[in-house]
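In: Structure of the sequence below:
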Amino acid sequence: MPRINLFSKIVITLAVLIVLIAGLYFLSNQTSTDVLRNELNKSNTSKLDFFQSQVDANMDSVTLWPNLLVRDPDISELRDMAPIGEGSLDLDMINLVKRIQQKISTQESSINWKCSLYIYSPRLGRVITVNDVRSYDDAALKQRLRQGWHVRKDSPDATNSYEFSLLTVTPYYAMKRPEDADLMIEVRFNSSNIVRMLDEFNSDGRRNPFFYKQDVGTIFNNTADRSVAQELVGKLEQQHLMDISNQTIELKGIKYLVNTKQSPVTQWYLVDYIPYSDVIGPIQKSNNLFYATLCSLLIMGCVIAYLLYAQVQVPMKKLIQSFQRLKQEDYSVRLVPKGNSEFSYVFMRFNSMVAQIQELFGTVYLEKIHVREARLKQLQSQINPHFFYNCFSFISSMAKLENYKAIVAMSQNLSAYYRYTTRQERGEVKLAEELDFVTSYLEIQRLRMNRLHFEVELPSWLRHLDIPPLLIQPLVENAVLHGIEGRAGEGIIRLTAKEEAGEIQIRVEDNGKGLDEAGIRTLMNKLDEPMGEETGCGLWNVNQRLQLRYGEGAGMTITNGEHGGLIVTLHWRTHHGDGKETRGHD
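Out: Residues are numbered from 1 along each chain as shown. As a prediction, the model looks like this:
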């Protein structure tokens with residue numbers, strides 16, 4: 001059996017690798033497509049829920065109008081007045097009607113929907129609107145008296161215009177006994193309000209949402225493809241799929257991703273659909289490009305394999321062996337250049353490099369240690385609190401008020417605070433000392449802000465943990481200045497320390513005004529960048545000091561808290577593995 005040379009092995013390996021990659025890519029692409037479809041359905045459902053909630057919120061707001069008007073003194077006077085029949089209105093009644101019309105106008109202007117209010121008075125025999133007072137057909141009105149919202153077309157020829165109406169009667173039991181009604185209030189609005197909201201929801205141009213209710217009709221946006229929407233509704237009704245929120249429907253060979261949401265207020269369905277090709281089309285183009293690229297790579301790999309074997313493989317093997325010896329701290333290794341190829345130049349530069357490394361290794365290593373220590377001290381020295389002006393102002397104010405207890409408390413805490421900050425000669429302090437220092441700072445701030453409260457939780461086995469000084473105070477200071485002071489009401493700061501699986505975690509949580517997700521991402525990105533003029537030095541220095549002292553795995557995380565503020569967590573790995581030795585130290 002003939003021996004297979006290296007070139008053949010490389011070509012076969014490349015072919016098998018490309019086939020495996022293509023198969024894995026196909027499976028991964030199928031999984032990604034399913035995930036994308038599911039995520040898109042979730043996103044569409046969330047958007048439909050939000051839009052439906054906006055429509056329902058407006059309708060709920062309009063629904064409350066009759067209940068608000070019934071409690072109005074002028075409306076109550078109209079309801080309780082004596083019957084006057086068809087006679088003319090006197091001056092007092094005219095003034096009462098004008099006041100009611102003014103309140104109707106105010107109520108109709110309270111939302112951005114165009115709505116109309118009608119107040120029917122059986123005793124007066126008239127209906128009051130914002131611009132008119134006229135007689136009405138009492139029998140016809142009482143025939144329309146039913147609970148809930150009712151929808152009807154604006155006119156028999158209207159295809160996309162509906163009128164929504166809601167009748168309320170007092171007393172409430174008169175809904176079943178219309179003859180006992182002493183006042184009826186009707187709210188009306190046109191479906192053009194919903195059409196306008198659908199147009200705003202369709203602002204990206206990819207969506208065509210519409211409302212549908214069986215036996216009533218359909219409300220389209222102004223740019224909707226009505227023929228596709230009607231075919232879609234017909235298929236959903238025919239197959240009883242209207243209550244399925246996420247599904248794929250095929251119409252005339254074209255697939256659509258369809259999402260539906262039923263309103264609990266009006267029982268109308270909000271339907272949104274997107275052509276499946278708009279989602280999968282770019283992925284299919286990417287797949288074709290990927291497979292073409294794989295074929296090109298196979299051809300190029302065959303050529304490169306030959307060149308690699310003939311001109312690179314042997315010299316590279318020697319170079320790798322020499323690097324392995326260098327990795328094992330054998331600085332006597334040297335390579336013998338042959339010919340005038342590029343590898344001859346590399347071999348000579350390798351020999352020169354090894355000689356220089358052997359000569360300078362000790363010196364460079366020591367200088368690196370000195371630079372690291374100097375940077376740590378420089379970063380630590382940058383943290384300098386700037387709030388003593390406010391402390392002196394507080395002491396001055398309390399002296400004028402002869403509040404000596406507050407002066408003594410401020411002086412003691414301020415003394416403890418600056419005694420700690422001036423002890424810069426130590427590279428590490430106990431965690432208990434750092435938390436006592438933070439407590440002094442918070443006591444100072446609580447003297448200035450009575451609404452500030454704080455909690456400190458420290459397990460006994462972590463009291464003697466050594467940490468860099470001034471590590472926690474900048475986090476607490478940011479929580480007070482940027483979280484608590486910028487928000488009215490009670491301010492709470494909670495500071496906890498714990499150890500889990502060999503990792504120390506110190507968390508500072510506040511209930512301040514917090515940040516949105518974009519703001520948190522921006523702040524986290526700035527922590528990993530070089531400090532600029534717009535970057536605050538406090539959090540940046542703390543993050544840099546942690547990484548310099550404990551390695552790249554250490555650092556700071558920022559998340560939103562449950563009470564509206566931020567949670568800033570410092571974390572680093574201990575040298576004890578599972579943390580048992582840390583507990584034993586106490």
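In: May I ask which helix or strand of this structure has the lowest mean pLDDT?
Out: When the helices and strands of the chain are compared on mean pLDDT, DSSP states H and E, helix 580-585 comes out lowest with a mean of 40.
In: How far does the helix or strand encompassing Thr13 sit from its chain's centre?
Out: Thr13 is located in helix 6-70, with elements delineated by DSSP states H and E. Distance of helix 6-70 from the chain centroid (Cα atoms, centre = their mean, to the nearest Å) equals 17 Å.
In: Check which element follows it along the chain.
Out: Assigned by DSSP H and E, the successor of helix 6-70 is helix 73-80.
In: Now that following helix: buried residues?
Out: Neighbour-count burial for helix 73-80 flags 74-75, 78-79 (criterion: 16 or more other Cβ atoms under 10 Å). From N, CA and C alone the C-beta is placed, and that goes for glycine too.
In: Now that helix - C-alpha only, PDB.
Out: Extracted as PDB, the C-alpha positions of helix 73-80 are listed here (Å, rounded to 0.1, in the frame of the first residue of the first chain):
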ATOM      1  CA  PRO A  73     -71.800  69.400  41.000                       C
ATOM      2  CA  ASP A  74     -73.300  70.900  37.900                       C
ATOM      3  CA  ILE A  75     -74.100  67.500  36.400                       C
ATOM      4  CA  SER A  76     -75.600  66.500  39.700                       C
ATOM      5  CA  GLU A  77     -77.800  69.600  39.600                       C
ATOM      6  CA  LEU A  78     -78.900  68.700  36.100                       C
ATOM      7  CA  ARG A  79     -79.700  65.200  37.100                       C
ATOM      8  CA  ASP A  80     -81.700  66.200  40.200                       C
END
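In: Dihedrals phi and psi, Arg507?
Out: Phi and psi for Arg507, reported as degrees, to the nearest 10, are phi -120, psi 130.
In: What's the local residue count around it?
Out: Residues lying near Arg507 (other Cβ atoms under 10 Å) number 19.
In: isn't it right next to Thr569, touching?
Out: Yes: counting by Cβ atoms under 8 Å, Arg507 touches Thr569, with 4.7 Å between them.
In: Give me the common contacts of those two.
Out: Common neighbours of Arg507 and Thr569, counting by Cβ atoms under 8 Å, 6 or more residues apart in numbering, are absent.
In: What does the residue nearest the centre of the chain show for phi and psi?
Out: Residue closest to the mean C-alpha point of the chain, counted by Cα atoms, centre = their mean, is Glu517 at 4.5 Å. According to degrees, to the nearest 10, the main-chain angles of Glu517 amount to phi -60, psi -40.
In: Would you mind naming the helix or strand containing Gly329?
Out: One correction, residue 329 is Glu, not Gly. According to DSSP H and E, Glu329 maps onto no helix or strand at all.
In: Would you mind giving both backbone torsions of it?
Out: Note on Glu329: its backbone torsions stand at phi 70, psi 30 [degrees, to the nearest 10].
In: Could you check how far it is from Gln358?
Out: Distance of Glu329 to Gln358, given as Cβ to Cβ, to the nearest Å: 10 Å.
In: Gln238 now?
Out: 84 Å.
In: Of those two, which one has the most company?
Out: Using other Cβ under 10 Å, the more surrounded residue of Gln238 and Gln358 is Gln358, with 13 against 8.
In: OK, contacts around the more buried one?
Out: Tyr331.
In: That one and Ile194: what is the separation?
Out: Gln358 is 81 Å from Ile194, by Cβ to Cβ.
In: Kindly report the same for Ser61.
Out: 14 Å.
In: So between the two, which is more surrounded?
Out: Remark: of Ser61 and Ile194, Ile194 carries more neighbours, 23 against 13, as counted by other Cβ under 10 Å.
In: which element is the closest residue to the more buried one other than its chain neighbours on?
Out: Nearest non-adjacent residue to Ile194, counting by Cβ to Cβ, 6 or more residues apart in numbering: Ile219, 5.5 Å away. Using DSSP H and E, Ile219 sits in strand 217-220.
In: same for that strand, what does it pack against?
Out: helix 192-201, strand 210-213, helix 226-238 (3 or more Cβ pairs under 8 Å, 6 or more residues apart in numbering; DSSP states H and E).
In: Could you list the residues in contact with the last one?
Out: Applying Cβ under 8 Å, 6+ apart, the external contacts of helix 226-238 come out as 208, 210, 212, 214, 218, 220, 241-242, 249, 251-252, 256, 258, 260, 271, 273.
In: Same question for the shortest one.
Out: Defining contact as Cβ under 8 Å, 6+ apart, one finds that strand 210-213 is touched by 151, 194, 198, 218-221, 224, 229, 233, 266-271.
In: Just want to check the distance between Leu515 and Arg507.
Out: Applying Cβ to Cβ, the value for Leu515 to Arg507 is 17 Å.
In: still on that earlier bit, now, which of the buried residues of helix 73-80 sits nearest Glu402?
Out: For the buried residues of helix 73-80, the residue nearest Glu402 by Cβ to Cβ is Asp74; the value is 56.5 Å.
In: could you list every residue that touches that closest one?
Out: Asp74 touches 96, 99-100, 103, counting by Cβ under 8 Å, 6+ apart.
In: Take those residues and lay them out in JSON lines including neighbour count, pLDDT and distance to Ile320.
Out: Compiled in JSON lines, the contacts of Asp74 are given as follows (neighbours: other Cβ atoms under 10 Å; pLDDT from 0 to 100; distance: Cβ to Cβ, whole Å):
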{"residue": "Leu96", "neighbour count": "19", "pLDDT": "86", "distance to Ile320": "100"}
{"residue": "Arg99", "neighbour count": "16", "pLDDT": "90", "distance to Ile320": "96"}
{"residue": "Ile100", "neighbour count": "23", "pLDDT": "88", "distance to Ile320": "94"}
{"residue": "Lys103", "neighbour count": "18", "pLDDT": "89", "distance to Ile320": "89"}
